[in-house]
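[1] pasting the structure only:
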């Protein structure tokens, strides 16, 4: 059982999409997460039923108004189409990523209207593609180290890496973003290219259950 639970499911508007990792070895994780969401958390789920569709949660970036789906080795166009069909209430745009990483290795939301992106060439290529496809306008926060874009924005709080891991970017967060922040260290997990978004499944605290089948 992998610790990368965020690859297996994505929850939005009280609806859970159980993804289809390309690696068949992760099927046990898929079954476990599906059971947990449905039976323990009482979240209605949708399972990808297209055999040609592959999608992993770390390739999904939800801005609060629209969805971007990274396309490369882990998630394909068919997977992005299935995701868009599952959440038709939001614009959903596929974005080609250079690989071998997920979309959220390169970009993440730093606040409701700000996308954090690394200064590296590949990261900058990704943000340019997002800007071309976006239905809304966003500000960008460019950080010195690409790994510094490995963040989470949860309940109005920014979670980012420690100054030991991102010495050149740490001050950028405090100087440019005036919001609550939490610092965590992921030195060992970072060696495995683990994004924060891969380590968690974010849930909406909504009392209203989805009425969709």
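    Thanks, I have the structure now. Fair warning: this is a prediction, and the values are worked out from it, not measured in the lab.
[2] Where is the longest helix in this protein?
    As assigned by DSSP state H, the longest helix anywhere in the chain is helix 121-133.
[3] Other residues contacting it?
    Applying C-beta atoms under 8 Å, 6 or more residues apart in numbering, the external contacts of helix 121-133 come out as 68, 93-98, 103, 106-107, 115, 117-118, 138, 140, 146, 149. Just so you know, the C-beta spots here come from the backbone N, C-alpha and C atoms, and that holds for glycine as well.
[4] Can you give me the buried ones in it?
    For helix 121-133, burial by neighbour count (16 or more other C-beta atoms under 10 Å) applies to 123-124, 126-127, 129-130.
[5] and the contacts of helix 121-133, which of them are in strands?
    Mapping those onto strands (DSSP state E) picks out 68, 93-96, 107, 115, 117-118, 140.
[6] Now do the same contact list for residue 203.
    Residue 203 neighbours (C-beta under 8 Å, 6+ apart): 11, 41, 43.
[7] which regions of the chain lie under the pLDDT threshold?
    Applying pLDDT under 70 to the chain picks out residues 1-3, 187-194, 205-213.
[8] and with 50 instead?
    For the chain, the stretches with pLDDT under 50 are 207-209, 213.
[9] So which residues of it form strands?
    For the chain, applying DSSP E gives strands covering 9-12, 15-18, 45-47, 60-62, 67-71, 92-96, 107-111, 114-118, 139-143, 152-154, 157-161, 181-184.
[10] phi, psi of residue 72?
    phi -170, psi -120 (degrees, to the nearest 10).
[11] isn't it right up against residue 94?
    No: counting by C-beta atoms under 8 Å, residue 72 does not reach residue 94; the two are 10.4 Å apart.
[12] Comparing those two, which shows the higher neighbour count?
    residue 94 (22 against 16; other C-beta atoms under 10 Å).
[13] List the residues that contact the residue nearest to that one when sequence neighbours are not counted.
    With C-beta to C-beta, 6 or more residues apart in numbering as the criterion, residue 94 has its nearest non-adjacent residue at 4.3 Å, and that residue is residue 80. Neighbour list for residue 80: 55, 69, 71, 92, 94 [criterion: C-beta under 8 Å, 6+ apart].
[14] Looking at those, which is nearest residue 170?
    Residue 170 has its nearest neighbour among those in residue 69, at 29.9 Å by C-beta to C-beta.
[15] measure that closest one to residue 12 for me?
    Using C-beta to C-beta, to the nearest Å, we find residue 69 at a distance of 13 Å from residue 12.
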